[in-house]
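Fold the stuff below for me.
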Amino acid sequence: MAPSPAAAGLPNWEADPILAVEHLFMRFGGLIAVNDLSFKVGRGDITALIGPNGAGKTTVFNCITGFYKPSEGRLVLAHGHAPTAEELARVTLIGERALVGRNSSVYLLERMPDYRVSGEAKVARTFQNIRLFTGMTVLENLMVAQHNTLMVASGFSLKGLFGLPGWNAAQRAATEKAKYWLEKVNLTDRADDPAGDLPYGAQRRLEIARAMCSEPILLCLDEPAAGLNPRESLELNTLLRTIRAEHGTSILLIEHDMSVVMEISDHVVVLDYGTKISDGTPEAVKNDPRVIAAYLGVDEDAVEEVEAEIDAEIAAHSTGAHS
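Have a look, this model is predicted:
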């Protein structure tokens, strides 16, 4: 599924946002980790959230996925079309139950606990530090991601105990889905191996596959390219493009590898000390003096020199990945 066409010359994230972060604040005592942040994630886009260490990127992820409750702000996720201002005003007045009910396509994520963000709003995430069930097999890790669906199909174990047809069909479907994602991440031959025995890059791919088994409409990836070599980074890029193209999944990622960001992103948002300093296409952001100065820690009069170094690094990475 291709990204939605932009309307009236607007970029996709403005014309058809799947997620709108509105005036987000996150305070920890006297520390302001996120400061009046607003940005949008386009439906079907790959959006990168970048910035120096300590810029507040993971805090933003934790707010979106329900691990933190924001101090202020609104996080609007739309399964269907992006809601109009009038629709948002109406559902806000109705309250949380109407917003997150079965028949609603608009979710205010800041009002929802994390299990409902993942289960009902269909937002999945991976973590900077890999969190696989290392003692389980690769296949079992993908089956665990479908636990809620299987529990409902089993009548909370009763149908499973008696082997009723509905349960058996659900179990077969879950197994087929797991096999599908094993093939997508090139791990079919390791299905019965403990997940902890996989090489680091394969564990990264498995964690993404596990997240996709929950059929998210928004996939949040926290530094998916961390620790990968050029060949593994290329495989990651291909996987993310496939997820977007074949499943229509919108992707929001935190990433420090600028070659990955510039190669696959449709939209880049840059944070510095919790404040947004740039928001636009990869090319526009790459050439923004504020980004180069803040993200790379140089004075603005050194911007041109550093920009040339970035271009050289991206070119070298691309050549190395394809060699």
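
What separation do you get for the residue nearest to Leu228 when sequence neighbours are not counted and Lys276?
Nearest residue to Leu228, sequence neighbours excluded (CB to CB, 6 or more residues apart in numbering): Gly201, at 5.4 Å. For every residue, glycine as well, the C-beta is placed using N, CA and C. From Gly201 across to Lys276, the span is 32 Å (CB to CB, to the nearest Å).

Please compare these two by neighbour count and tell me which comes out ahead.
Here Gly201 and Lys276 are set side by side on neighbour count (other CB atoms under 10 Å), and the busier one is Lys276, at 21 against 17.

Please identify the helix or strand for the more buried one.
Counting by DSSP states H and E, the element that carries Lys276 is strand 275-280.

same check, this time on Arg90
In the assignment (DSSP H and E), Arg90 maps to helix 85-94.

need the contact list for Arg290.
Taking CB atoms under 8 Å, 6 or more residues apart in numbering as the criterion, Arg290 is in contact with Val270, Asp272, Ile277, Ser278, Glu300.

how about JSON lines for those, with neighbour count and distance to Ala85 added?
Shown next, in JSON lines, are the contacts of Arg290 (neighbours: other CB atoms under 10 Å; distance: CB to CB, whole Å):
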{"residue": "Val270", "neighbour count": "24", "distance to Ala85": "27"}
{"residue": "Asp272", "neighbour count": "20", "distance to Ala85": "30"}
{"residue": "Ile277", "neighbour count": "18", "distance to Ala85": "27"}
{"residue": "Ser278", "neighbour count": "22", "distance to Ala85": "26"}
{"residue": "Glu300", "neighbour count": "11", "distance to Ala85": "38"}
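
ok, those vs Gly30, which is closest?
Asp272 (19.2 Å; CB to CB).

all strands of the protein, in order?
Along the chain, the stretches classed as strands by DSSP state E are 17-28, 31-42, 46-50, 72-78, 106-108, 123-125, 218-222, 250-254, 267-272, 275-280.

quick revisit: please state the mean pLDDT value computed over the helix holding Arg90.
Taken as a whole, helix 85-94 has a mean pLDDT of 69.

re the thing from before, also compute the angle for the strand holding Lys276 relative to strand 17-28, please.
Per axes from the mean of the first three to the mean of the last three CA atoms, to 10 degrees, the angle that strand 275-280 makes with strand 17-28 is 160 degrees.

so where's the chain uncertain?
Applying pLDDT under 70 to the chain flags the ranges 1-8, 91-104, 148-168, 295-311, 313-314, 317-323.

mind checking how far Asn12 is from Ala284?
Asn12 is 14 Å from Ala284, by CB to CB.

now Thr58
The spacing between Thr58 and Ala284, counted by CB to CB, is 24 Å.

So for the two, which sits in the more crowded spot?
Thr58 (18 against 13).

Check the gap between the nearest residue to the more buried one once chain neighbours are set aside and Arg172 for me.
Excluding the flanking residues, the one nearest Thr58 by CB to CB, 6+ apart is Asp222, at 6.2 Å. According to CB to CB, Asp222 stands 33 Å off from Arg172.

These two - which one has more neighbours?
Between Asp222 and Arg172, counting by other CB under 10 Å, Asp222 is the more crowded of the two (20 against 10).

quick one, what contacts the more buried one?
Contacts of Asp222 (CB under 8 Å, 6+ apart): Thr58, Phe61, Arg125, Thr126, Phe127, Gln128, Leu253, Ile254.

With Arg241 instead?
Counting by CB under 8 Å, 6+ apart, Arg241 makes contact with Ile46, Ile264.

same thing but 7 Å
Applying CB atoms under 7 Å, 6 or more residues apart in numbering to Arg241 gives the contacts Ile264.

So it versus Leu31, what's the distance?
37 Å.

Of the contacts of Arg290, just say which sits nearest to Trp181.
In terms of CB to CB, no member of these lies closer to Trp181 than Val270, at 31.8 Å.

May I have the beta-bridge partners of the closest one?
Taking DSSP bridges as the rule, Val270 bridges to Ile50, Ser278.

State the distance from Pro194 to Val138.
Counting by CB to CB - Pro194 and Val138 are separated by 8 Å.

Settle it for me: which of those two has more neighbours?
Neighbours per residue (other CB under 10 Å) separate Pro194 from Val138, with Val138 holding more: 28 against 16.
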